[in-house]
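Colleague: make a model of this:
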Amino acid sequence: MFAIYIPDGDIRDYELKTVNFGFNCAPFLAIRVLQQLADDEESKYPQASQVIRVYVEHHGFCDASQKAYGAAIYVRVEVGSTVIATLLTAKTRVAPVKAVSLPRLELCGALLFSEMATAVLPKIPGAASALYCWTDSTIVLAWLQKPACQWTTFVANRVTKITHCGGTELEKRAVKVHVAKAHTEDLLERFEANEVTSAERLPVSVTQRRHFVSEMGCLSKKRPVSASSPIQNLNPFVDSQGLMRACGRVTSSELLQCDGRHPIILPYDCHLSRLLVQFTHRITLHGGKQLMIRLIRAKFWIPRAIHLEPTSGLTTEKFLAAFARFVSQRGCPHQVQSDNGKTFVGAAALLSLDFFQSLKRGCDRCL
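Modeller: I've put the predicted structure just below:
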């Protein structure tokens, strides 16, 4: 029941009787009646029409993990100043037994949503409603924004299905996927610059004092760290903020900022280092190791990393060439261990021979 106010007359009440005819359910037909009434009487009673006008939106979400992917469709109904949102339908599927990358699983989730929207939304009676598709995968967005012929078979087949679900109208909707936006008020705007810096510095300080107890003790007393310390070759020092940093060959570089010349030292097996690597891996869109190392070392130095150097063969010469590339990037190691393979044994013998010959030439020049 609702009322319409007439300036030069009495208030008249209108009561909507129960709708029980037709093939569609009564609530949807009631919404159609209200919308039609708002359209017919809008010129006479614009304010009352706004009150009873119903706005319906459908919002679809899709996401994935390494174990499953799924999609869901929500209905958002706005009547006046009242907003109601409820789940319309949802579906999940288990990830394939064969290992599939996370972006591909997220693409499967987008396809699942497209198929579900094509099957469900056209069957819902009522006025046309807007459809908003949401995903947090920027890789899926990039796949959908270009022709399917540019991608591999797996991606191309699913992109084609998504863009053809429901005809041209749904094709535009599938390509125009939105990324959820944060509230207009940025959370960081509530803090001062020094507060943000302090919040970033605290977990680093706690991690260093927990994993480098002896090193922090020596440096706080202005003494060098022990020769047996795993970070001794980094020439560590403590800055004015109490953070331990490395001092390497790029200290005098004018092209790098302070964090680049003196990166913060972190242990490789701590939770903070794992979070840092995972975050860098995501923001680089699953980038390669060289890109991730470059971004991380712009501010941090994580000791005891694994270096993989590919070779084109198993001969001694190929190994020595790979080892030379390793030394040029990481510096000369203090200790080298191997499983006594033929390649390593031959390399050790050749290096020893070169070493003694170099000593002999030095002695001959002295004589």
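Colleague: please make it C-alpha for all contacts and neighbour counts, starting now.
Modeller: Will do.
Colleague: I'd say Ser137 and Pro103 touch.
Modeller: Yes - using C-alpha atoms under 8 Å, Ser137 is in contact with Pro103, at 7.2 Å.
Colleague: for Val250, see how far away Gly331 is.
Modeller: Counting by C-alpha to C-alpha, to the nearest Å, the gap from Gly331 to Val250 is 13 Å.
Colleague: with Val213 instead?
Modeller: Taking C-alpha to C-alpha, one finds Val213 at 26 Å from Val250.
Colleague: can you give me the buried ones in the helix or strand where Cys133 lies?
Modeller: Cys133 is part of strand 130-134 when elements are defined by DSSP states H and E. Buried residues in strand 130-134, counted by 16 or more other C-alpha atoms under 10 Å: Leu131, Tyr132, Cys133, Trp134.
Colleague: one more: stretch 38-49?
Modeller: For stretch 38-49, burial by neighbour count (16+ other C-alpha under 10 Å) applies to Ala38, Ala48, Ser49.
Colleague: nearest to Val155 among those?
Modeller: Ala38 (46.1 Å; C-alpha to C-alpha).
Colleague: which stretches of the stretch 51-200 of the chain have low pLDDT?
Modeller: Residue ranges of the stretch 51-200 of the chain with pLDDT under 70: 51-53, 125-128, 166-196.
Colleague: what's the answer for the stretch 201-350 of the chain, then?
Modeller: Counting by pLDDT under 70, the stretch 201-350 of the chain shows low-confidence ranges at 249, 252-255, 304-306.
Colleague: and the closest residue to Leu105 other than its chain neighbours, what does it touch?
Modeller: Distances taken as C-alpha to C-alpha, 6 or more residues apart in numbering place Ala64 nearest to Leu105, at 5.8 Å, with adjacent residues excluded. Neighbouring residues of Ala64 by C-alpha atoms under 8 Å, 6 or more residues apart in numbering: Gly70, Leu102, Leu105, Glu106, Gly109.
Colleague: my guess is the last one meets Ser65, correct?
Modeller: Right, Gly109. No - under the criterion of C-alpha under 8 Å, Gly109 makes no contact with Ser65, lying 9.8 Å away.
Colleague: more neighbours: which of the two?
Modeller: Set side by side, Gly109 and Ser65 show more neighbours around Gly109, with 27 against 15, by other C-alpha atoms under 10 Å.
Colleague: OK, contacts around the more buried one?
Modeller: Applying C-alpha under 8 Å, 6+ apart to Gly109 gives the contacts Cys62, Asp63, Ala64, Tyr69, Gly70, Ala71.
Colleague: what segments of the chain are strands?
Modeller: Assigned by DSSP state E, the chain shows strands spanning 2-4, 12-14, 54-64, 68-79, 82-94, 130-134, 237-238, 244-245, 264-265, 300-301.
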